[in-house]
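1. got a structure for you, letters missing:
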């Protein structure tokens, strides 16, 4: 499997979680509550799987590999890095607002919903750019050997960042929350 295909496959799980986040944040804003553990699971997925693991693979391995084959650091890579930082900001605000929500702060749910919507829009567009532009550039310029080395490096990052069995736990979380919040499941 190409390293870029692994990232595309991960994007599909992220898209499911974005749909769940949209539904959960809407319920928080308009109905006032969802089980705390559901939102905490979503935040953990976003912080650990999306940011530490997936974005870690891109920032530490893919982007430097692309720079080595002539893709300018100040071009599409800079855009992707900026969007990763914006996503981190939205996650921090959602986390803080959720802590306030648990303390019965009435304004917290709308802050969660707004930042969730902004994050969903950002990441949906970001994934499209990576899948359709950046990864196509990578597939065009990276050798099969470079793709294999990236794939091996991705596996090491996943093991060190989230540990054995955590990937499966995140898949189970996607299915559980998808069954609860999405009309047609994940």
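-> Nice, I can see it. Just so it is clear, the model here is predicted, and its values are computed rather than measured.

2. who are the packing partners of the helix or strand harbouring residue 12?
-> Element membership of residue 12, judged by DSSP states H and E, is helix 3-31. Counting contacts by 3 or more CB pairs under 8 Å, 6 or more residues apart in numbering; DSSP states H and E, helix 3-31 packs against helix 36-44, helix 108-129, helix 135-141, helix 144-162, helix 166-181. The way it works is simple: take the backbone N, C-alpha and C, and place the C-beta from them, glycine included.

3. now do the contacts for residue 131.
-> Applying CB atoms under 8 Å, 6 or more residues apart in numbering, we find residue 131 in contact with 8, 11.

4. in this structure, where is pLDDT below threshold?
-> 185-186 (pLDDT under 70).

5. find the nearest non-adjacent residue to the residue nearest to the spatial centre of it, please.
-> Nearest to the geometric centre of the chain sits residue 50, at 3.2 Å (CA atoms, centre = their mean). Counting by CB to CB, 6 or more residues apart in numbering, residue 50 lies nearest to residue 14, which is 5.8 Å off, once chain neighbours are set aside.

6. hmm, residue 128 and the one you found touching each other?
-> No. Between residue 14 and residue 128 there is no contact under CB atoms under 8 Å: 11.9 Å.
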